[in-house]
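Student: Sequence first, then the predicted structure, then my questions.
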Amino acid sequence: MSAGAVPAERPGVVAALRAAGCVFAEEEAAVLLAEATDPASLADLVARRVAGEPLEVVVGWAAFCGLRVQVGAGVFVPRRRTALLVEQAVAALRGTGRTPVVVDLCCGSGAVGLAVAVRAGPVELHAADVDPVAVGWARRNLAAVGGRVHRGDLYAALPAGLRGRVDLLAVNAPYVPTAAVALLPPEARDHEPRTALDGGPDGTALHRRVAAGARRWLAPGGTLLVETGAAQARVTAAAVRDGGLRAVVVHDEARDATVVAGTAPEDTVPGLARCAATHGGVSRDGPVAP
């Protein structure tokens, strides 16, 4: 049933969500009403959200870069700020002149790889994650674009034949400092895997590992893109330079999004867009939307 079909239900849903502390109660109510098939299913969806389940898990999908990414319990839900990583990836792939090799490392649900494949395809897409739950969701999401999903710890998951062939290495590894994980919203802290959130003492533990090995996997002129936090950007960029790549920090204030772009030597990858948004940013993503 649609939200418009049951207008009498909407005020009660909004009130229930507000009472549970949902900041975006109006928007979330619209999503739940659109997803419900009958009053009983609506009551179940609202009860799950009121109990604290993330909205995206309740409805089974997250809106990301104009796509619906399938998600469920125990997998990292893609954030809207990560659209900056996708935009930089698409820009880096322009003018490749052949089918580029793309790797979505620490892929979670596969949202980044999916969005890049849809916007910049055709690509030879590989995705990898250490978490078997994430691998399962990534396989669901990437099947339609021919993506191959591997399980393992960072580069150990990848087929050896990719070494030196990767045109784009997109990485959304965790970058929340260990001590700050407890301060995250409960939707993340209580429902997403710790391995997808905890970036080590300063938030850059995995970034340093990724940067140290990237050059061996990148093709000449290939690009490494790492989402990071504004507080971690300097350390992440230094690690990328230490790994033998040229590093640029890209920041979008409006989305509170930061990406470090590293370029392998011997070629120049054109088109890396640099965002210079100056209007106020947000510190938390809003609800899903179609």
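Tutor: Alright, I've got the coordinates.

Student: what pairs with Val166 across the strands?
Tutor: Note on Val166: beta-bridge partners Leu218, judged by DSSP bridges.

Student: Please report the number of neighbouring residues for it.
Tutor: 25 (other CB atoms under 10 Å). Any C-beta I mention is one placed from the backbone N, CA and C, and that applies to glycine too.

Student: can you check Arg119 too?
Tutor: Neighbour count of Arg119, defined by other CB under 10 Å: 16.

Student: Could you name the specific helix or strand carrying it?
Tutor: Using DSSP states H and E, Arg119 sits in helix 111-120.

Student: Show me what that helix is packed up against.
Tutor: strand 61-64, strand 67-70, helix 83-93, strand 101-105, strand 124-129, helix 132-142, strand 166-171 (3 or more CB pairs under 8 Å, 6 or more residues apart in numbering; DSSP states H and E).

Student: again, only this time at 7 Å
Tutor: Packing partners of helix 111-120 (3 or more CB pairs under 7 Å, 6 or more residues apart in numbering; DSSP states H and E): strand 67-70, helix 83-93, strand 101-105, strand 124-129, helix 132-142.

Student: tilt between that helix and strand 166-171?
Tutor: For helix 111-120 against strand 166-171, the angle by axes from the mean of the first three to the mean of the last three CA atoms, to 10 degrees is 140 degrees.

Student: still on that earlier bit, wait, which of the helices and strands packed on helix 111-120 is closest to Ala247?
Tutor: helix 83-93 (13.0 Å; CB to CB).

Student: can you give me the angle that closest one makes with strand 166-171?
Tutor: Going by the same axes, to 10 degrees, helix 83-93 is angled at 170 degrees with respect to strand 166-171.

Student: quick one: Gly152 and Ala128 touch, right?
Tutor: Yes: counting by CB atoms under 7 Å, Ala128 is a contact partner of Gly152 at 6.2 Å.

Student: Return the set of residues that bridge with Val260.
Tutor: Under the criterion used (DSSP bridges), Val260 bridges to Val226, Val249.

Student: which residues touch it?
Tutor: Residues counted as contacts of Val260 (CB atoms under 7 Å, 6 or more residues apart in numbering) are 226, 228, 233, 236-237, 240, 247, 249.

Student: Check the gap between it and Pro186 for me.
Tutor: Remark: distance between Val260 and Pro186 (CB to CB, to the nearest Å) = 29 Å.

Student: ditto for Arg215
Tutor: Distance, Arg215 to Pro186, by CB to CB: 39 Å.

Student: Could I get the pLDDT score of Glu9?
Tutor: For Glu9, the pLDDT comes out at 83.

Student: how deep is it tucked in, by neighbour count?
Tutor: Other residues near Glu9 come to 19 when the count uses other CB under 10 Å.

Student: Check Trp137 too.
Tutor: 24.

Student: Thr99 too?
Tutor: Around Thr99 there are 11 residues (other CB under 10 Å).

Student: do Leu32 as well
Tutor: Leu32 - counted by other CB under 10 Å - has 27 other residues nearby.

Student: if you skip the residues just before and after it, what's nearest to it?
Tutor: Closest residue to Leu32 apart from its sequence neighbours, by CB to CB, 6 or more residues apart in numbering: Leu45 at 4.9 Å.

Student: which ones are touching the one you found?
Tutor: Leu45 sits next to 32, 35-36, 58 when contact means CB under 7 Å, 6+ apart.

Student: at 6 Å what do you get?
Tutor: Contact partners of Leu45, counting by CB atoms under 6 Å, 6 or more residues apart in numbering, are 32, 36, 58.

Student: Doesn't it lie inside a strand?
Tutor: No: applying DSSP: H, G, I helix; E, B strand; the rest coil, one finds Leu45 to be helix, outside a strand.

Student: Right, I'll call it a day here.
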